[in-house]
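Chemist: Output the structure for:
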Amino acid sequence: MTIHIGATPGEIAGTVLMPGDPLRAKWAAEAFLDNPVCVNEVRGMLGFTGTWRGNHVTIHGSGMGMPSLSIYANELIRDYGAHTLIRIGSAGGMQPHVKLRDVVLAMTASSVSTPSRGVFRELQFAPSADWGLLRAAAAAAERTGTDVHVGGIYSSDVFYDERPDMNEQMVRHGILAVEMEAAELYTLAARYGRRALAILTISDHLQTGEAMPSEVRQSGFSDMVGIALRAAFAGTAPSTGDRGKMQPPLDIPPSTSDL
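Modeler: Next comes the predicted model:
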């Protein structure tokens, strides 16, 4: 048990999916996991642990923004032994070819500032995804026919942005989408030697002004969650109860009937 997570030892899996919205964590757990159990309700930040194809998984909310995610990711890693953390969230499209409901796999995450900025001082650290997770997620997306883009994203520390000139430079330099958490997640994963990836669904678009209606966003995120689970356990066998250790290989079939 930590200040922000009320789970007891053993209730958090080694693999954690992290949506920003705690209610989306509840939805994903109920939709994708077998026998999900609520393991955290502190401050309304819901977390659930269950199994997917026999592998233990926790789906835990991170809140909005890098400071909030940093709290939960730090505690999940340091106090509960999480070794694989995958952000599943929404993002704003920034390139014309990135459409609503497309999935973006964040290879890198640029930012102006993160909670870790004080650690690096003058160094411009380049946060990046775990290659194994990125490769597995791209393969899973291809096998399921999902429209996916792989490349750099921008992790903003503000939601109501008043820097159109910066957005112009992001677009100019090929940034695919903007969100608010991945850069800190990647930095913490590098610091602690863990695996991390951000898988994002485009819910709105900065150039066209399009947006997914709120009532369809949840169902529209199914592809993203399925990709995250397949990527997390690509080449692993079902867990035998040890939630903090990697498992031996097992081929995962490409069927999407269970997603």
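Chemist: And the contacts of the helix or strand bottoming out on mean pLDDT in the chain?
Modeler: Of the helices and strands making up the chain, the lowest-confidence element is helix 214-220, at a mean of 71, by mean pLDDT, DSSP states H and E. Contacts with helix 214-220, where a contact means C-beta atoms under 8 Å, 6 or more residues apart in numbering, come from 24, 27, 90, 101, 201, 203, 212. For the C-beta atoms, the positions are set from N, CA and C on the backbone; glycine is no exception.
Chemist: State the next helix or strand along the chain beyond it.
Modeler: Towards the C-terminus, the helix or strand next in line after helix 214-220, according to DSSP states H and E, is helix 222-232.
Chemist: I'd like to know which elements that following helix is packed against.
Modeler: Taking 3 or more C-beta pairs under 8 Å, 6 or more residues apart in numbering; DSSP states H and E as contact, the helices and strands that helix 222-232 lies on are strand 15-18, helix 22-32, strand 55-60, strand 84-93, strand 103-111, helix 131-143, strand 195-205.
Chemist: residues touching the residue most central in space within the chain, list them.
Modeler: Residue closest to the mean C-alpha point of the chain, counted by C-alpha atoms, centre = their mean, is R87 at 0.9 Å. The neighbours of R87, taking C-beta under 8 Å, 6+ apart as the test, are 18-19, 62, 69, 181-182, 185, 196-200.
Chemist: cool, G93 as well?
Modeler: If you count contacts by C-beta under 8 Å, 6+ apart, G93 has them with 99-100, 102, 176-177, 202, 204-208.
Chemist: Over to A106?
Modeler: If you count contacts by C-beta under 8 Å, 6+ apart, A106 has them with 129, 151-153, 176-177, 182, 197-200.
Chemist: cool, A137 as well?
Modeler: The neighbourhood of A137, defined by C-beta under 8 Å, 6+ apart, consists of 105, 197, 199, 227-228, 230-231.
Chemist: could you redo the last one with a cut-off of 6 Å?
Modeler: A137 makes contact with 105, 227, 231 under the criterion C-beta atoms under 6 Å, 6 or more residues apart in numbering.
Chemist: wait, which of these is closest to I12?
Modeler: Distance to I12 across those (C-beta to C-beta) is lowest for A231, with 19.2 Å.
Chemist: which one of the contacts of A137 has the most neighbours?
Modeler: With neighbours set by other C-beta atoms under 10 Å, the maximum within the contacts of A137 is found at I227, which has 29 neighbours.
Chemist: low-scoring stretches of the stretch 151-259 of the chain, by residue?
Modeler: Across the stretch 151-259 of the chain, the stretches falling below the confidence threshold (pLDDT under 70) are 218-219, 236-259.
Chemist: give me the number of residues near A228?
Modeler: Summarising burial for A228: neighbours were counted as other C-beta under 10 Å, giving 31.
Chemist: before we move on, what about G81?
Modeler: Count around G81 with other C-beta under 10 Å applied: 16.
Chemist: now do D79
Modeler: Applying other C-beta under 10 Å, we find 16 other residues in the vicinity of D79.
Chemist: now swap in Y186 and tell me
Modeler: Other residues within reach of Y186 by the criterion other C-beta under 10 Å amount to 29.
Chemist: Quick check: which element contains it?
Modeler: Assessed by DSSP H and E, Y186 sits inside helix 182-192.
Chemist: for that helix, packing partners?
Modeler: helix 66-78, strand 103-111, strand 195-205 (3 or more C-beta pairs under 6 Å, 6 or more residues apart in numbering; DSSP states H and E).
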